[in-house]
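Engineer: Could you look at this predicted model? Sequence included:
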Protein chains: 4
Amino acid sequence: MPARRPGARTSDRATRSAARRQAILDAALDEFAVGGFAATRLDDVAKRAGVAKGTIYLYFSDKEALFQELLRSMFGPLVGALTKIPVEHLPARELAERMIAIFIREVLGTRRKDVIRLIIAEGPRFPKLAEFHYREVIGRVLPMVQALLTRAAERGEVDPRVAKFPQLLVAPGIVAIVWKSLFDRLAPLDVEAMMRVHLDLLFGPRTS
Amino acid sequence: MPARRPGARTSDRATRSAARRQAILDAALDEFAVGGFAATRLDDVAKRAGVAKGTIYLYFSDKEALFQELLRSMFGPLVGALTKIPVEHLPARELAERMIAIFIREVLGTRRKDVIRLIIAEGPRFPKLAEFHYREVIGRVLPMVQALLTRAAERGEVDPRVAKFPQLLVAPGIVAIVWKSLFDRLAPLDVEAMMRVHLDLLFGPRTS
Amino acid sequence: MPARRPGARTSDRATRSAARRQAILDAALDEFAVGGFAATRLDDVAKRAGVAKGTIYLYFSDKEALFQELLRSMFGPLVGALTKIPVEHLPARELAERMIAIFIREVLGTRRKDVIRLIIAEGPRFPKLAEFHYREVIGRVLPMVQALLTRAAERGEVDPRVAKFPQLLVAPGIVAIVWKSLFDRLAPLDVEAMMRVHLDLLFGPRTS
Amino acid sequence: MPARRPGARTSDRATRSAARRQAILDAALDEFAVGGFAATRLDDVAKRAGVAKGTIYLYFSDKEALFQELLRSMFGPLVGALTKIPVEHLPARELAERMIAIFIREVLGTRRKDVIRLIIAEGPRFPKLAEFHYREVIGRVLPMVQALLTRAAERGEVDPRVAKFPQLLVAPGIVAIVWKSLFDRLAPLDVEAMMRVHLDLLFGPRTS
DNA sequence: GATGAATGAGACTTCATTCAT
DNA sequence: GATGAATGAAGTCTCATTCAT
């Protein structure tokens, strides 16, 4: 049994450590998504993550830190991806469709929709959280949308006043999140079809 | 000092009882609105209502009953009022404007917006609650909106496909609720202006 | 509508008052018998007695007073009746049979058996209660039994050492109380037959 | 400093855990014995056991489980011991004396007498408890006694009718339990002497 | 006298957090 | 690093008792 190189061992450790941290975050999302912050038990998070309760405290200083860290970790990458879409070289409607496709795939199709619901739910209790989300997500996505709409308005593709309310473009997305989480089992909603109609309203019916 | 009529006395008691019940509901709303169901302490509700802890249990069987009763009591009257709008005798845009005015006044301008946020927040944990809200509110308001849009489509006032997604008409309302609750102090939103633009998109710009 | 005579009215009031007091005691027995002192709710006692909760406090200073008063009121009359049996003029076995008949009729056949169980159950928590019961019931019945046995021993009807342990004569009675209260539905016990065998053991088989 | 064997370490933990569990049961018995189920506070049990309130819940799911487990744990071993007495090879009186000696030593001389009083006290409120005790204790001990008495009757050592009521043999034992718990400080009872007289009555005076 | 709404101390139970192993 | 037994503050709910009507 030869001794491993110290460097490799350290690397293994770091890998295992990161994996464990991620397992805890994954489990935390599952649990927080159902019950929100207060009703979630760290016991359940630990069980789901396959670690002992105390282990959570090796990676996060307390329950609130885990919660906030979870929410943060879910949107950083996505916003990065969004901001890399080339705004300049595409027609506005095309851009909007791409953004909506990303939204459907990366938010509605994943547990990120639960994260958004969590932010809506816990925002008033954790003002820092709302503020962070505004700064990091809303404040970066809405201006992009606004730029897109402004450019479209300049080209006459869209009512110029819409550019003052980029929220209008994303509003059906919020409704879709809520509907999927609460009412989909009672009355399924065809989100993609709704989005197509929405875009037609904004940009006028597709002509191609 | 004439003896009061028994009826009057009974009425007094009933009045005081109803007032107390309402005081508890009011206090409960204030508290639940901030922290949601789990994080709210009945102690605080009692304190805010000016009653003793035990008194809450004279009016509501337990915390959950108080919560559900609160949500119910906030929407029964409003839906009633909405369904009394005469759908037939007005142009669709006029009707939509009235409904939005009611929404702004009775939901966004009151704590009903918090109730909606509560339903969004707690729905997954209380499926009965989501179901109830769907049956009593969504299931009664959306069909009204749909009828309105269908009629408008028949007259050529609106894209006929919109009638399949009445959610599109209310979507900015949901966004307004979320925005007011979370981000308004960071970036105020002119909801009425946004709504006007939204209606213009749906029905075409106002011509009068 | 002639005014009643004050005396009569007072008498009516006193009668009603006594009846009410008795109704509360009856209800209290029913409730205490099942749950013991601590688990019984005065609310339930009031409901069963058909009075308001506060009314109990017009007749008894508090829960414990009601409890003790209840136990006291159940044995005074019985002990009185027992002590009136003419000890002198009957054969010992005859006397014992009469006492046992009274026991079966007045204790096992009534809720007095529950009272005895209550004393067994609550004695250690209310030493005063055990003391009272010892003084008023045990201390008056056992000497009677002892006198009976002593006389019987003098006549050679019974082993002389039995007179030192009058508990031996009543022991099957205690067992009967416990059995009836706990196990009778699982395995019914023919108390009268058991008592006959018991007397045969004490006095020798009946010869008549 | 040699590393402990894993087995030993595990054993230590298991030992400590079992000890703690037993400490809680011991404390619970002390407390329940005085006040019965309802009047006992788990706070006091914890204090007496030298653990924190929450620790009780690591070992027992709730107050009732602790109570029932306590009663169970007190009689399992004893009944086992009793059923191991060789019924066949001894005269009936000898056997009865041994059983009574065990009863005096293991029940009257320990807190098991309090457990029996608890069963008498709480049986009507916890029918499951009475049933369990009947099945596990009464239903196993009484048949043994009955077999003993039947054999004795066949040999002419005892009145044959006694075998139909094995309760008669144990009745003075029940009385002794009650007396010791309630009245012994007022009037001490020589249980062993009483039992000897009782056996003489059953089997006729000892001749040896 | 009678009522029953109101009170609030106190019970059971949960769960975030700690720490010896 | 990892564990999970232990802690105890804090929450929900009950119920004996009071008191205005």
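Structural biologist: Everything's here; your move. Numbering: from 1, shown residues only, chains lettered A, B, ... in the order given.

Engineer: list the helices and strands the host helix or strand of A:Ala27 packs on?
Structural biologist: Taking DSSP states H and E as the definition, A:Ala27 sits inside helix A:6-39. If contacts are counted by 3 or more Cβ pairs under 8 Å, 6 or more residues apart in numbering or on different chains; DSSP states H and E, helix A:6-39 sits against helix A:42-49, helix A:53-59, helix A:63-83, helix A:112-122, helix B:6-39. Where you see a C-beta, it was placed from the backbone N, CA and C, and this is true even at glycine.

Engineer: Would you mind telling me which of those helices is nearest B:Phe60?
Structural biologist: Set against B:Phe60 and scored by Cβ to Cβ, those come closest in helix B:6-39, at 7.4 Å.

Engineer: Help me see whether that closest one makes contact with DNA strand E, please.
Structural biologist: Yes: Helix B:6-39 reaches DNA strand E (Cβ under 7 Å from any atom of the strand) through B:Arg13, B:Arg16, B:Ser17, B:Arg20.

Engineer: residue of chain A with the smallest distance to chain B?
Structural biologist: A:Ala121 (3.1 Å; Cβ to the nearest Cβ).

Engineer: quick one: contacts for the residue nearest the centre of chain A?
Structural biologist: Closest to where the C-alpha atoms of chain A average out (Cα atoms, centre = their mean) is A:Arg112, at 4.2 Å. Applying Cβ atoms under 8 Å, 6 or more residues apart in numbering or on different chains, one finds that A:Arg112 lies in contact with A:Met74, A:Phe75, A:Leu78, A:Glu106.

Engineer: again, 6 Å this time
Structural biologist: Residues near A:Arg112 by Cβ atoms under 6 Å, 6 or more residues apart in numbering or on different chains: A:Met74.

Engineer: For stretch A:135-152, give me every contacting residue.
Structural biologist: So stretch A:135-152 is contacted by A:Phe75, A:Val79, A:Ala92, A:Leu95, A:Val158, A:Val162, A:Ala163, A:Pro166, A:Leu169 (Cβ under 6 Å, 6+ apart).

Engineer: Can you verify my assumption that A:Tyr181 contacts A:Arg117?
Structural biologist: Let me fix one detail, which is that residue A:181 is Ser and not Tyr. Yes: A:Ser181 is within contact range of A:Arg117, at 5.5 Å (criterion: Cβ atoms under 6 Å).

Engineer: burial of the residue of chain A found nearest chain D, as a residue count?
Structural biologist: Nearest to chain D in chain A, going by Cβ to the nearest Cβ, is A:Asp43, at a distance of 12.4 Å. A:Asp43 is flanked by 11 other residues according to other Cβ atoms under 10 Å in any protein chain shown.

Engineer: pLDDT score assigned to it?
Structural biologist: Here, the pLDDT recorded for A:Asp43 equals 97.

Engineer: Who's the closest spatial neighbour of it, skipping the chain neighbours?
Structural biologist: A:Lys53 (5.9 Å; Cβ to Cβ, 6 or more residues apart in numbering or on different chains).

Engineer: out of the helices and strands packed on helix A:6-39, deepest packed?
Structural biologist: Mean neighbours per residue, mean count of other Cβ atoms under 10 Å in any protein chain shown, is largest over the helices and strands packed on helix A:6-39 for helix A:112-122, with a mean of 22.

Engineer: Run through who's touching the helix or strand just after that helix.
Structural biologist: Under the assignment DSSP H and E, the closest C-terminal helix or strand after helix A:112-122 is helix A:127-133. Contacts of helix A:127-133 with the rest of the structure, by Cβ under 6 Å, 6+ apart, involve A:Ile119, A:Gly123, B:Leu182.

Engineer: Kindly indicate which of those lies nearest DNA strand F.
Structural biologist: A:Gly123 (20.5 Å; Cβ to the nearest atom of the strand).

Engineer: List the contacts of the closest one.
Structural biologist: A:Ala130, B:Leu182.

Engineer: State the distance from it to B:Trp179.
Structural biologist: 11 Å (Cβ to Cβ, to the nearest Å).

Engineer: what's the neighbour count on A:Val107?
Structural biologist: Neighbours of A:Val107 (other Cβ under 10 Å): 20.

Engineer: Ignoring the adjacent residues along the chain, who's closest to it?
Structural biologist: Using Cβ to Cβ, 6+ apart, the nearest residue to A:Val107 is A:Lys113, at 5.5 Å.

Engineer: and A:Thr150, helix, strand or coil?
Structural biologist: helix (DSSP: H, G, I helix; E, B strand; the rest coil).

Engineer: residues near A:Pro188, how many?
Structural biologist: The number of residues near A:Pro188, taken as other Cβ under 10 Å, comes to 10.

Engineer: count of residues packed around A:Asn177?
Structural biologist: Actually, residue A:177 is Ile rather than Asn. Neighbour count of A:Ile177, defined by other Cβ under 10 Å: 23.

Engineer: For A:Gly109, give me the backbone phi and psi.
Structural biologist: Dihedral angles of A:Gly109 (phi, psi; degrees, to the nearest 10) stand at phi -90, psi 0.

Engineer: pLDDT score for it?
Structural biologist: The model's pLDDT for A:Gly109 equals 91.

Engineer: State which one residue of chain A is found closest to DNA strand F.
Structural biologist: Taking Cβ to the nearest atom of the strand, chain A has A:Gly54 as its residue nearest DNA strand F, at 1.9 Å.

Engineer: how close does that residue sit to chain C?
Structural biologist: 39 Å (Cβ to the nearest Cβ, to the nearest Å).

Engineer: could you measure that residue against C:Ala153, distance?
Structural biologist: A:Gly54 is 74 Å from C:Ala153, by Cβ to Cβ.

Engineer: Show the low-confidence segments of chain A, by residue range.
Structural biologist: Low-confidence segments of chain A (pLDDT under 70): A:1-11, A:87-88, A:205-208.

Engineer: Show me which residues of it are close to DNA strand F?
Structural biologist: Neighbours of DNA strand F within chain A, by Cβ under 7 Å from any atom of the strand: A:Arg13, A:Arg16, A:Ser17, A:Arg20, A:Val51, A:Ala52, A:Lys53, A:Gly54, A:Thr55, A:Tyr57, A:Leu58.

Engineer: Tell me which two in the residues you listed are the farthest apart.
Structural biologist: A:Arg13 and A:Lys53 (21.6 Å).

Engineer: What are the buried residues along the helix or strand that contains A:Glu94?
Structural biologist: Per DSSP H and E: A:Glu94 is located in helix A:92-103. For helix A:92-103, a neighbour-count test (16 or more other Cβ atoms under 10 Å in any protein chain shown) marks A:Ala92, A:Arg93, A:Leu95, A:Ala96, A:Glu97, A:Met99, A:Ile100, A:Phe103 as buried.

Engineer: Good, wrapping up.
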